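Participant: Fold the following and give me the result.
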Amino acid sequence: MAQSATLKAEARTKLGSRACRALRANGMIPANLQPADGKEHLDLAINEHEFLAARRNHVHLYDIEIGGQSESVVVRELEWDVFGDSIIHVEFKRVQRGVETETEVELAFVGMPKGVVNHTMQHISIFSLPSMIPDAIEVNVEGLGEGTHILAKDLKLPEGVRLAVEPDAEVAVIAGVREEATTEEGEEGEEGEGSSVEA
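Facilitator: From the prediction side, this is the model:
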């Protein structure tokens, strides 16, 4: 996994949906940078190809170059189009290299439980160094029976990662499987339909 990637950004002077559509048509993604430590909010645009290439390489820490300066950032939030196919906006959060930061990562449920997984969380907040943010945290539900509660403290966290939520926060619960009852009336109805087809 690449530790970081550099993104060249341009300041956005024109805001609004029309200006954003024009940027996207030119292969750019509208973005902003949250204020922090006395630094102001910035509206910017990044190259779509560069950003997507970094994401495919599982990069979480970025150095944004803008106006002759560089800012270390992580993604705070992605906004997708209505079909979930394209990223239409990125919100970045300023961070310091070598200093722990809080971020949200996806939960990846793996395995076959003896019931249905009811998700209480789809993402979980963690603390880690920006360069060590995982792509996802795995939740193993293999063989878990009905009524099993999975708590945050049950998660196996990667090295260098710790919870930013209460240990007893519920992640998921295994519910029972409801079998569809087959009524005699339903069976008779099916037989009747079969008879009419044969006639």
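
Participant: Can you tell me the centre-most residue of this structure?
Facilitator: With distances taken as Cα atoms, centre = their mean, residue 106 lies nearest the centre of the chain, 4.7 Å away.

Participant: beta partners for that residue?
Facilitator: residue 123, residue 136 (DSSP bridges).

Participant: Give me the residues contacting stretch 23-41.
Facilitator: 9-10, 12, 19-20, 42-49, 51, 64, 71, 73, 76, 87-94 (Cβ atoms under 8 Å, 6 or more residues apart in numbering). C-beta coordinates here come from the backbone N, C-alpha and C atoms, glycine included.

Participant: buried sites along that stretch?
Facilitator: Within stretch 23-41, the residues scored as buried using 16 or more other Cβ atoms under 10 Å are 23, 24, 28, 29, 30, 31, 32, 33.

Participant: same check, this time on stretch 98-116
Facilitator: Applying 16+ other Cβ under 10 Å to stretch 98-116 flags 100, 101, 103, 104, 105, 107, 109, 113, 115 as buried.

Participant: Nearest to residue 122 among these?
Facilitator: residue 107 (6.1 Å; Cβ to Cβ).

Participant: Dihedrals phi and psi, residue 41?
Facilitator: phi -60, psi 140 (degrees, to the nearest 10).

Participant: if we can go back for a sec, tell me which of the contacts of stretch 23-41 fall in strands.
Facilitator: 9-10, 42-47, 64, 71, 73, 76, 87-94 (DSSP state E).

Participant: of those residues, buried ones?
Facilitator: For these, buried by 16+ other Cβ under 10 Å: 9, 42, 44-47, 64, 71, 73, 76, 87-88, 90, 92-94.

Participant: Appreciated, that's everything.
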